[in-house]
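K.L.:
return a 3D structure for these sequence lines:
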Amino acid sequence: MTASIELLTNATADQYRRMVHATVDRIADRVQRVEHPTTYTPAAELRRRVRAVDLDQAPLGTDAALVELDDLFVREAVWFHDPGYLAHLNCPVALPAVAAESVLAAVNPSVDTWDQSRIGTEIERHVIEWVASRIGFTGGDGVFTSGGSQSNLQALLLAREATAAQHAGAQHAAAHHTDAPHTDGHRAQPPLHPVVFATAESHFSVRKSAHVLGLPADAVVDVATDASGRMLPDALATAVARARRAGRTPMAVVATAGTTDRGVIDPLQAIADVCDLEDVWLHVDAAYGCGLLVSPTRRHLLDGIERARSVTADFHKSFFQPVSSSALVVRDPRDLRRASWHADYLNPEDATEPNQVDKSLQTTRRFDALKLWATLRATGADGIGRAFDAVIDLTEATHALVAAQQDLVLVAPTQLSTVLFRFQPEGMSDAEADALVGPLRATLLAEGRVLIAKTVIDGRPCNKLTILDPDTTTTQMQAALAHVVATAEQLARTTSSTGAAR
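P.N.:
Model (predicted):
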């Protein structure tokens, strides 16, 4: 007989309590036993295990299914709290936020309309107001999103709508202040041809968002950067002027507060000067660097962010929140209305209840603000900021360790928590060093002890560490780097002997 689905109700509350306790105990046991960021199980074996499960077979029942889940997934998970995890922008998570996440799973609210969330709407709005105040937006507004990519997409959508409205208004005014003859009572308006200004260091979502918005392939113009990868304000001014001369309309400038690879911050004040002069929407992508908003020592690195028209913040990076937890924040609440859409069954135009669907690209939406609320109430903003400061302090120490290692080359500086390096002992050619970057990452990933990433800087591949665990020590980083070097040395010997044999 097929078992019916078990729902969380008043009748199953005791079963829920027992089930969650058992699940939490298993996870806690796994966390306590973590020795490396992941296992060395080959990818082919992981794929085989998953494919071997017949999802149409007779049900196991809740207890057995959760035990299987622990064995299949949790045992093979990637653990971001392990000091050997140094690959991407994944952070260990704050305990209050983890507890709040369990509340969200059980209550299952959606914060698109008031009648689905009630006080949840008020909590999200209060958190957004707090974030806006930290940015420096007096009376700002915003909404939680699924991540930085969605935040950037919505920002560019709002910028496009604002630019289109401005363009139409200017053309209308020109048509009523000219004596030129009209054949049909209207002057033909030149096309908009919107342009977005970013840099090659900007997040890929800027270009992807432009594509999603239907902008042409050349709509995103790369502005020149200095040697460290920061946007050059003079080059921005030149690019905007060039676009206007070509009959194109500047739509937005995207400045980055924490580039993904180099971890550097564009000169926000000087960029804002250009945007103010040219009357162009300034969006600051602070998905990575938003932790500086609460830093007791480095908040000044974001000076000028308050002059932006919109800001992306990813709390699931430098605020140590579980995925997902991101927000788009705007200086002028009216800008959010540019993408509003009314539906009688959700937000009729005569509605008196507050709702968030007017502000969001999503309809059903997680109440992710609760996690940040819990963390702020438990830890305080300064506690979060000190943790992010500790991460950057550790990165500075790691840069010194790399510089002191004779077989490693420090590729570029950072202002946040990335370390770009290349294994290249004296006498090794650039081509040989470049050829080791991919195999080094792949070998370490297959082994599971130390996980690193790879990227391309100034046309050459290199390896990358991203540090986001404030509890990692300099000694642990030194041990991780020693293992990376030993692995690279072995690869180099193997490559050399293979080449000699050929």
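K.L.:
rest of the way, CA atoms for contacts and neighbours
P.N.:
Will do.
K.L.:
neighbours around Arg30, how many?
P.N.:
15 (other CA atoms under 10 Å).
K.L.:
any idea how far it is from Arg51?
P.N.:
24 Å (CA to CA, to the nearest Å).
K.L.:
over to Arg309?
P.N.:
Relative to Arg51, and taking CA to CA, Arg309 is found at 48 Å.
K.L.:
who's more crowded, these two?
P.N.:
Arg309 (22 against 10).
K.L.:
show me the strands in the stretch 251-400 of the chain, by range?
P.N.:
Assigned by DSSP state E, counting those that start in this stretch, the strands in the stretch 251-400 of the chain fall at 281-286, 310-314, 326-330.
K.L.:
quick one: the strands in the stretch 1-150 of the chain, in order.
P.N.:
141-145.
K.L.:
where does it have low pLDDT?
P.N.:
Along the stretch 1-150 of the chain, the parts satisfying pLDDT under 70 run over 1-3.
K.L.:
nearest approach to His36 belongs to which of the strands of the stretch 251-400 of the chain?
P.N.:
Nearest to His36 among those is strand 310-314; the distance by CA to CA comes to 26.3 Å.
K.L.:
which other helices and strands contact the closest one?
P.N.:
Contact partners of strand 310-314 among helices and strands, from 3 or more CA pairs under 8 Å, 6 or more residues apart in numbering; DSSP states H and E: helix 148-175, strand 281-286, strand 326-330.
K.L.:
of all these, which one is nearest Asp458?
P.N.:
strand 281-286 (21.9 Å).
K.L.:
so which elements touch the lowest-mean-pLDDT helix or strand in the chain?
P.N.:
Each helix and strand of the chain was given a mean pLDDT (mean pLDDT, DSSP states H and E); the minimum falls on helix 148-175 at a mean of 86. In this structure, helix 148-175 makes packing contacts with helix 204-212, strand 249-256, strand 281-286, strand 310-314, strand 326-330, judged by 3+ CA pairs under 8 Å, 6+ apart.
K.L.:
return the most buried member of these.
P.N.:
strand 310-314 (a mean of 31; mean count of other CA atoms under 10 Å).
K.L.:
what lines up beside that strand in the sheet?
P.N.:
According to DSSP bridges, strand 310-314 has the following sheet partners: strand 281-286 (parallel), strand 326-330 (antiparallel).
K.L.:
dump the strands of the stretch 251-400 of the chain into JSON lines; add distance to Arg244 and mean pLDDT as well.
P.N.:
Below are the strands of the stretch 251-400 of the chain laid out as JSON lines (distance: least, CA to CA, whole Å; pLDDT from 0 to 100):
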{"stretch": "strand 281-286", "distance to Arg244": "15", "mean pLDDT": "98"}
{"stretch": "strand 310-314", "distance to Arg244": "23", "mean pLDDT": "98"}
{"stretch": "strand 326-330", "distance to Arg244": "26", "mean pLDDT": "98"}
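K.L.:
on that earlier part again, now for the helix or strand just after the least confident helix or strand of the chain, which elements pack on it?
P.N.:
Sequence order places strand 194-198 as the next helix or strand after helix 148-175, per DSSP states H and E. Counting contacts by 3+ CA pairs under 8 Å, 6+ apart, strand 194-198 is packed against strand 220-222, helix 233-245, strand 249-256.
K.L.:
quick one, what contacts Ala217?
P.N.:
Ala217 makes contact with His211, according to CA atoms under 8 Å, 6 or more residues apart in numbering.
K.L.:
so it versus His211, what's the distance?
P.N.:
7 Å.
K.L.:
rewinding a little: the strands paired with strand 310-314: which one's closest to Ser110?
P.N.:
Across the strands paired with strand 310-314, Ser110 has its closest neighbour in strand 326-330 (15.8 Å, CA to CA).
K.L.:
for that closest one, give me every contacting residue.
P.N.:
Contacts of strand 326-330 (CA under 8 Å, 6+ apart): 128, 131-132, 137, 140-148, 151-152, 154-155, 287, 309-316, 336.
K.L.:
tell me what angle that strand forms with helix 148-175.
P.N.:
Counting by axes from the mean of the first three to the mean of the last three CA atoms, to 10 degrees, strand 326-330 lies at 20 degrees to helix 148-175.
K.L.:
how is this protein partitioned into domains?
P.N.:
Following automatic domain parsing, the chain resolves into domains at 11-79, 110-179+186-379, 382-501.
K.L.:
between the least confident helix or strand of the chain and strand 249-256, how many degrees?
P.N.:
Here the directions of helix 148-175 and strand 249-256 differ by 150 degrees (the same axes, to 10 degrees).
K.L.:
next, the buried residues of helix 148-175.
P.N.:
148-160, 162-164, 167-168, 171, 175 (16 or more other CA atoms under 10 Å).
K.L.:
please apply the same query to stretch 20-29.
P.N.:
By 16+ other CA under 10 Å, the buried positions in stretch 20-29 come out as Thr23, Arg26.
K.L.:
how far away from the center of its chain is it?
P.N.:
From the chain centre to the centre of stretch 20-29 is a distance of 29 Å (CA atoms, centre = their mean, to the nearest Å).
K.L.:
export that stretch to PDB, keeping only CA atoms.
P.N.:
What follows is stretch 20-29, C-alpha atoms only, in PDB (Å, rounded to 0.1, in the frame of the first residue of the first chain):
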ATOM      1  CA  VAL A  20      14.000  17.500  12.900                       C
ATOM      2  CA  HIS A  21      15.900  16.500  16.000                       C
ATOM      3  CA  ALA A  22      17.200  13.300  14.400                       C
ATOM      4  CA  THR A  23      18.200  15.200  11.200                       C
ATOM      5  CA  VAL A  24      20.000  18.000  13.200                       C
ATOM      6  CA  ASP A  25      21.800  15.400  15.200                       C
ATOM      7  CA  ARG A  26      23.100  13.700  12.000                       C
ATOM      8  CA  ILE A  27      24.200  17.000  10.500                       C
ATOM      9  CA  ALA A  28      25.900  18.100  13.700                       C
ATOM     10  CA  ASP A  29      27.800  14.800  13.800                       C
END
